[in-house]
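**Student:** Please work out how this folds:
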Amino acid sequence: MTKSINIADRLLQSKFVSIVFLYSLTLQSFLRSFSPLANADNYSIWTKIQIFLLELRFMFKATVSLVFNINNREAFLGFTVVFGNYLEFVLLFIEIFAIQEYKLRSAHVTSIIDGGSNLGMSILYFILFAPKLALLPLSRVLPL
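**Tutor:** Modelled structure (predicted):
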């Protein structure tokens, strides 16, 4: 029986491909953030610069993590996140904070149930950019 493996899992299995993919995401999010068409996002110009500089820092550390074992803790935007895989963390950061996959499309949203909270990165995003929302993060707990 063949196991189905999603794209993110395949990328994480090949570290070099993961790094190339993450650098291309960084470039894509930079171009999207600073293009004249980026008029309806949650970020001020200062926040965009901060997010981009964090992306560069995380990308450098992700590259270093291919050779050296680095810690599994990262502090940014006033939060500290603990994770198991640095490449996965960077991918989540780019997806959630740089590309803004979770940007709210409606001003009428009052609560969010996050059914796969994982590291809690989406919750951090909503705390920063939609602080009045009622949040309920759910994540499965693995037995020790």
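
**Student:** Run through the strands of this structure in chain order.
**Tutor:** Remark: strands assigned in the chain by DSSP state E are 73-76, 79-82, 111-114, 134-137.

**Student:** With adjacent residues omitted, what lies nearest to Phe76?
**Tutor:** Leu54 (5.4 Å; Cβ to Cβ, 6 or more residues apart in numbering). For glycine as for every other residue, the C-beta is placed from the backbone atoms N, C-alpha and C.

**Student:** Am I right that the one you found is in contact with Gly78?
**Tutor:** No. Using Cβ atoms under 8 Å, Leu54 is not in contact with Gly78; the gap is 12.0 Å.

**Student:** Which one of the two is surrounded by more residues?
**Tutor:** The neighbour comparison of Leu54 against Gly78 (other Cβ atoms under 10 Å) goes to Leu54, with 18 against 8.

**Student:** residues touching Leu124, list them.
**Tutor:** 77, 79, 81 (Cβ atoms under 8 Å, 6 or more residues apart in numbering).

**Student:** Of these, grab the buried ones for ChimeraX.
**Tutor:** Applying 16 or more other Cβ atoms under 10 Å to the contacts of Leu124, the buried members can be selected in ChimeraX as follows:
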select :81
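
**Student:** Using JSON lines, please lay out the contacts of Leu124 together with distance to Arg105 and pLDDT.
**Tutor:** Compiled in JSON lines, the contacts of Leu124 are given as follows (distance: Cβ to Cβ, whole Å; pLDDT from 0 to 100):
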{"residue": "Leu77", "distance to Arg105": "22", "pLDDT": "86"}
{"residue": "Phe79", "distance to Arg105": "24", "pLDDT": "88"}
{"residue": "Val81", "distance to Arg105": "26", "pLDDT": "88"}
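
**Student:** Nearest to Phe68 among the contacts of Leu124?
**Tutor:** Distances from Phe68 to the contacts of Leu124, taken as Cβ to Cβ, are shortest for Val81 (19.7 Å).

**Student:** Please tell me how far Ile112 sits from Glu101.
**Tutor:** For Ile112, the distance to Glu101 equals 13 Å [Cβ to Cβ, to the nearest Å].

**Student:** of these two, who's got more company?
**Tutor:** Ile112 (17 against 12).

**Student:** Many thanks, have a good one.
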